[in-house]
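>>> Structure for the following, please:
(one chain, ligands or ions: 1)
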Amino acid sequence: MIVKTVESLVRQIEAKDLSTAAHTWRVVLYTRAMAEEAGLEAERIERLTHAAALHDVGKIDIPDRILQKPGPLDKDEFEVIKRHTQLGYARLIRLQERDELVLDLVRHHHERWDGRGYPDGLKGDEIPVAARYFAVIDSFDAMTSFRPYRADVGEEAARRAVEELRTGIGSRYCAESVEMFEALHGSGRLDWIREYYNDTCPVGFETQGVLVAATSKYGPTTPVAVVETRT
Ligand SMILES: [Fe+2]
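Below is the predicted model:
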């Protein structure tokens, strides 16, 4: 998929829900940090970046009244939300996306290691590798990001989130994914990402083949471009 299409889809996700938008930026950056740590080649990192940016693309098709509901969701509403995995997959198929890595991550990022996830109830090794790792990233960000009802986003929240991830090994998550994330988190190299747009600031956006163009307040060494133009 060309980067312009990825950008356009991400803009549509942003238009639906600003908290989703900030979440998208952070999970993209975590994904790249994990992929770089794993020593993946540049081409694969680029594909994973697209996959992470598009992971919740199916939320475009979820009604606003459910997606933006301020209070807790009831059972039926949660069933509708869960459909974003299949809706995202279907949307990408319609757009002629052929990259299995992208399609797999969009469809399977809510599967659980014990087979109790959705949409397909895949279990253990049946879950595509990228989706297993992404599930850890997605959960960590959900547990450490700002919400109207929770401003606890600092070090202590992160420590508790990592503990929660460890508790979920074998049920929600695969062990290697959690261990790798924990090691990287422990090195402190993810801290700036956790704080990235993790407040009430508007979400920035740049084009020219660059999806994320803001630099970390911690210095110039952080990655600037996260999606290179694909020819
Ligand atoms: Fe999702």
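>>> Could I get the buried residue list for stretch 78-90?
Buried residues in stretch 78-90, counting neighbours by 16 or more other Cβ atoms under 10 Å, are found at 80-89. Where C-beta positions appear, they are placed from N, C-alpha and C, glycine not excepted.
>>> what's the answer for stretch 183-194, then?
Across stretch 183-194, burial judged by 16+ other Cβ under 10 Å covers 184-185, 190, 192-194.
>>> Could you dump the residues you listed into a markdown table and include distance to R32, pLDDT and secondary structure?
Formatted as a markdown table, the buried residues of stretch 183-194 follow (distance: Cβ to Cβ, whole Å; pLDDT from 0 to 100; DSSP: H, G, I helix; E, B strand; the rest coil):
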| residue | distance to R32 | pLDDT | secondary structure |
| --- | --- | --- | --- |
| L184 | 11 | 93 | helix |
| H185 | 15 | 93 | helix |
| L190 | 11 | 87 | coil |
| W192 | 13 | 81 | helix |
| I193 | 9 | 83 | helix |
| R194 | 14 | 81 | helix |
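>>> mind giving me CSV with the buried residues of stretch 78-90 and columns for distance to V10, secondary structure and pLDDT?
Output for those, formatted as CSV (distance: Cβ to Cβ, whole Å; DSSP: H, G, I helix; E, B strand; the rest coil; pLDDT from 0 to 100):
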residue, distance to V10, secondary structure, pLDDT
V80, 22, helix, 96
I81, 19, helix, 94
K82, 21, helix, 96
R83, 20, coil, 97
H84, 15, helix, 96
T85, 17, helix, 97
Q86, 19, helix, 98
L87, 16, helix, 97
G88, 12, helix, 96
Y89, 17, helix, 97
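>>> I'd say A158 and E182 touch.
No. Counting by Cβ atoms under 8 Å, A158 stays clear of E182, with 10.8 Å between them.
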